[in-house]
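*Asks:* kindly generate the corresponding structure for this input.
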Amino acid sequence: MLNLNGKKALVTGGGTGIGRGIALALAEAGADVIVHYGQNRTGADEVVGQIKDLGRNAIAIQADVLDEEQIKGLMAEAASFFENKIDVLVNNAGHLVQRATIEEMSTELWHKVMDVNVTSTFLVTKYALPLMKEAGGRIVNMSSLAAHNGGGPGASAYAASKGAVMTLSKALAKELAGYGINVNAVSPGFIDNTPFHLTFNTQEGRDNAVKSIPIGRGGESADVAGAVLYLVSDLGSFITGETIEINGGMFMR
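*Replies:* This is a model prediction of the structure:
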């Protein structure tokens, strides 16, 4: 069931926001966790400390998820720390980067948004596979409600990238099933009090978002973490290629 004792997990962007919640939830369920970070060393170290307080093993590892050589380095460190095995990979790292209309958007910004969300998922998965193929495992990728509704103003590139993550997850689910690896995605809606919404949304915008949610509250990182736990535990063993919507009824398929 929800027992991850002995499992080895890697969470990209695990030092803040939703990634932080996922890393801590995995540890609470019994997993040892590598907390990857791009720039926020302080946040990653704090999460590692909290995980160790839970009695689990943890380490923070820095890497630019757009740099193929750095990703190789991340996996080399992961192989050493986890003795050549990863059971759970959560591709959480991603970013809106900047709001811009199509007319305003430079080609450079378009590629940057696509790369930070889609290419990073591709690269991390590619180089994690040698540590997962022998024993199987679970991969969870981070999509978004924006993949369905196009996102807010100036978020076309972000929405497109998250739609690509969703489709990539389905393709990988087919491709990796023979290795005993399940691949799914989670698609958060409005998750309040995260760096994403504090940076790219106003207080008025956040208040209006809550008003549109049938459940009547904004989401929390723990809400996303709960869905991830389900997918990577034995409870989710027959689920692959799926996307779980986590939005309080804001969008229903």
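*Asks:* could you dump stretch 57-73 to PDB, C-alpha only?
*Replies:* C-alpha atoms of stretch 57-73 as PDB (Å, rounded to 0.1, in the frame of the first residue of the first chain):
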ATOM      1  CA  ASN A  57      18.500   9.300   3.900                       C
ATOM      2  CA  ALA A  58      18.700  12.500   1.800                       C
ATOM      3  CA  ILE A  59      21.100  14.600  -0.200                       C
ATOM      4  CA  ALA A  60      20.800  17.800  -2.200                       C
ATOM      5  CA  ILE A  61      22.300  17.800  -5.700                       C
ATOM      6  CA  GLN A  62      22.600  20.800  -8.000                       C
ATOM      7  CA  ALA A  63      22.200  20.600 -11.700                       C
ATOM      8  CA  ASP A  64      21.000  22.700 -14.600                       C
ATOM      9  CA  VAL A  65      18.200  20.500 -16.100                       C
ATOM     10  CA  LEU A  66      18.900  22.100 -19.500                       C
ATOM     11  CA  ASP A  67      22.500  21.000 -19.600                       C
ATOM     12  CA  GLU A  68      23.000  17.500 -20.700                       C
ATOM     13  CA  GLU A  69      26.400  17.100 -19.100                       C
ATOM     14  CA  GLN A  70      25.100  18.400 -15.800                       C
ATOM     15  CA  ILE A  71      22.300  15.900 -15.900                       C
ATOM     16  CA  LYS A  72      24.800  13.100 -16.500                       C
ATOM     17  CA  GLY A  73      26.600  14.400 -13.500                       C
END
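*Asks:* pLDDT of it, averaged?
*Replies:* The predicted model assigns stretch 57-73 a mean pLDDT of 98.
*Asks:* same check on stretch 177-193?
*Replies:* 94.
*Asks:* now the helices for the stretch 1-150 of the chain?
*Replies:* With DSSP state H, counting those that start in this stretch as the criterion, the stretch 1-150 of the chain has helices at 17-28, 41-53, 68-82, 107-114, 120-128, 146-149.
*Asks:* which ones are touching residue 175?
*Replies:* Residue 175 sits next to no residue when contact means C-beta atoms under 8 Å, 6 or more residues apart in numbering. In this view, the C-beta of every residue, glycine as well, is placed from N, C-alpha and C.
*Asks:* so what's the gap between the helix or strand containing it and the chain middle?
*Replies:* Using DSSP states H and E, residue 175 sits within helix 156-176. A distance of 13 Å separates the centroid of the chain from that of helix 156-176, by C-alpha atoms, centre = their mean, to the nearest Å.
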